[in-house]
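K.L.:
need the 3D shape of this:
(chains A, B, C and D)
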2 protein chains.
Amino acid sequence: MVRPRFAKLPVHQQQTIVQAALDEFAAHGFRDASLNRIIETAGISKGSLYYYFDDKSDLFAYVAQAGLGGLFEKVGPLPPLDAGDADTFWSVVEDYYLRLTRALQASPQVAALLRGWSAAAKDPEFQRATGELEEASLPWIAQALAAGQRVGAVRADLPDSLLIAVTLGIGEAMDVWLLAQEPHDDALPDVIAALVDMLRRAVGPGAASGAPG
Amino acid sequence: MVRPRFAKLPVHQQQTIVQAALDEFAAHGFRDASLNRIIETAGISKGSLYYYFDDKSDLFAYVAQAGLGGLFEKVGPLPPLDAGDADTFWSVVEDYYLRLTRALQASPQVAALLRGWSAAAKDPEFQRATGELEEASLPWIAQALAAGQRVGAVRADLPDSLLIAVTLGIGEAMDVWLLAQEPHDDALPDVIAALVDMLRRAVGPGAASGAPG
DNA sequence: CCCGTGTTAGACCACCGGTCTAAACTACCG
DNA sequence: CGGTAGTTTAGACCGGTGGTCTAACACGGG
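P.N.:
Next comes the predicted model:
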């Protein structure tokens, strides 16, 4: 995190570097991205890169943060989730998820970046750098679930950590599956609805099981 | 796949190599495992290793196959899933999942191996070597889902690929969460029941949603 | 002019997975 | 027993990686 220096660079040079890194990370993922290729594309030396960034993870974190920032700027903030009843909660989730998906489809490089993220997320050194981002998103999801519980849209009979884990797991499965599909834009709302409904079934209240607990 | 040669080695030397590789892969995952450390631990030269195995992935595939073989030997084969009704299907799944989890808890190294597997599964070169194993397990899950659909235990209104993706996602989330918990062995059945119930809610038939489609 | 500070270039390091060749070992055959 | 063909081993070597370090450069102020 030596980025104060980086901010003092001329903007177009910042953009050159960030763009080169984004290209490389999006194309090859975190681990297979090559710093040598990045500096070659950006036209800077290795010394300069390490003058502005701590290491590879730091660079990735910066690029990812920039990408995510642009994304959420387009999507807008998440509306309050506990303003209505359970149905409202889930329709807000569905709507927001749809907008997020559309934004991601419009920014395929950012989407590729995030895909590579989950692929490398187990790397401990990688976690250290992106920890802030993940710590920012994990309570985010915890808060959403808590809001859901407040309006009776999310079950409260299981540990929070389990609900979070399953939500993340389903979310990742959805993302992977969505990315593998061709984007039939007109069919997307129905698909998203089905996906969110699956999540609702899993983490919503009410039993689907016929077997006695 | 040069392993015919490997089979001709004295058994204890095979074990030495496989054990060294298992230790390394379990400790560091696929990508961060070092062949140099493996050959140092096993006391062989790099030339020898590459005389018996094509490359890193090949070695991993062999070790993983051995580990999985031992695991399923302990757990036994999956009972037929389409012999009864929907409740039977899900109770068989639950029972088998419980046994698998217990076996994994008894073989933490194999568990670590599998964890590292899913982490590196996106690596294309890695896929090539473990392709046989994955191709053996992926239709496995597809067949299980198909059997569930036959007895009305699994919904049929969504694409198979989506059901598979979500099942895998929930499964991985369960695994991750289970691994993060201390193994209270007596509470495990209830936990597994809750997890399988979540899966059943998501991919089972019947609507949990109150919102109109 | 000179100096100090901020910046850059790129040689260098240890390590990686993988290749290759020459030596060593083994086994068979005359 | 000697020679030889085939198998196995050792480890130097290759291009690449992320990361370090130092010497040079640019440049503003006294």
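K.L.:
the closest residue to DNA strand C within chain A and chain B: what is the separation?
P.N.:
For chain A and DNA strand C, the shortest gap (Cβ to the nearest atom of the strand) falls at residue A:47, measuring 2.2 Å. All C-beta atoms are positioned from the backbone trio N, CA, C, and that covers glycine. Here residue A:47 is placed at a distance of 27 Å from chain B (Cβ to the nearest Cβ, to the nearest Å).
K.L.:
got the contact list for that residue?
P.N.:
Contacts for residue A:47 (Cβ atoms under 8 Å, 6 or more residues apart in numbering or on different chains) come out as none.
K.L.:
what does the pLDDT read for it?
P.N.:
Looking at residue A:47, its pLDDT reads 96.
K.L.:
next: residue A:132.
P.N.:
66.
K.L.:
likewise for residue A:139?
P.N.:
pLDDT, residue A:139: 78.
K.L.:
and it, which helix or strand is it part of?
P.N.:
Using DSSP states H and E, residue A:139 sits within helix A:124-150.
K.L.:
how about the helix or strand just after that helix and chain B, any contact?
P.N.:
Going down the chain from helix A:124-150, the next helix or strand is helix A:160-180, by DSSP H and E. Yes: interface with chain B: helix A:160-180 contributes A:161-162, A:165-166, A:168-174, A:176-177, A:180 (Cβ under 8 Å from any Cβ of the partner chain).
K.L.:
hey, where'd the helices end up in chain A?
P.N.:
Counting by DSSP state H, chain A has helices at residues A:3-7, A:11-32, A:35-42, A:46-52, A:56-75, A:86-106, A:108-120, A:124-150, A:160-180, A:188-203.
K.L.:
any idea which of the ones you listed scores lowest on pLDDT?
P.N.:
The weakest mean pLDDT among the helices of chain A belongs to helix A:124-150, with a mean of 78.
K.L.:
using ChimeraX, define a selection of the buried residues within the residues of helix A:160-180 next to chain B.
P.N.:
Filtering those down to the buried ones (16 or more other Cβ atoms under 10 Å in any protein chain shown) takes a single ChimeraX command:
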select /A:162,165,166,168,169,170,171,172,173,174,177
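K.L.:
run a quick neighbour tally on residue A:164.
P.N.:
19 (other Cβ atoms under 10 Å in any protein chain shown).
K.L.:
any idea how far residue A:146 is from it?
P.N.:
10 Å (Cβ to Cβ, to the nearest Å).
K.L.:
same thing with residue A:42?
P.N.:
Taking Cβ to Cβ, one finds residue A:42 at 43 Å from residue A:146.
K.L.:
of these two, which one has the most company?
P.N.:
Neighbours per residue (other Cβ under 10 Å) separate residue A:42 from residue A:146, with residue A:42 holding more: 20 against 16.
K.L.:
quick one: contacts for the more buried one?
P.N.:
Neighbours of residue A:42 in contact, by Cβ under 8 Å, 6+ apart: A:16, A:17, A:19, A:20, A:21, A:49.
K.L.:
tell me if I'm right that the fifth one and residue A:57 touch.
P.N.:
No: with contacts counted by Cβ atoms under 8 Å, residue A:21 stays clear of residue A:57, the gap being 11.8 Å.
K.L.:
that older thread, got JSON lines for the residues of helix A:160-180 next to chain B, with distance to residue A:91 too?
P.N.:
Formatted as JSON lines, the residues of helix A:160-180 next to chain B follow (distance: Cβ to Cβ, whole Å):
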{"residue": "A:161", "distance to residue A:91": "26"}
{"residue": "A:162", "distance to residue A:91": "25"}
{"residue": "A:165", "distance to residue A:91": "24"}
{"residue": "A:166", "distance to residue A:91": "21"}
{"residue": "A:168", "distance to residue A:91": "21"}
{"residue": "A:169", "distance to residue A:91": "23"}
{"residue": "A:170", "distance to residue A:91": "18"}
{"residue": "A:171", "distance to residue A:91": "17"}
{"residue": "A:172", "distance to residue A:91": "22"}
{"residue": "A:173", "distance to residue A:91": "21"}
{"residue": "A:174", "distance to residue A:91": "17"}
{"residue": "A:176", "distance to residue A:91": "24"}
{"residue": "A:177", "distance to residue A:91": "22"}
{"residue": "A:180", "distance to residue A:91": "26"}
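K.L.:
and of the residues of helix A:160-180 next to chain B, the nearest to residue B:114?
P.N.:
residue A:169 (15.6 Å; Cβ to Cβ).
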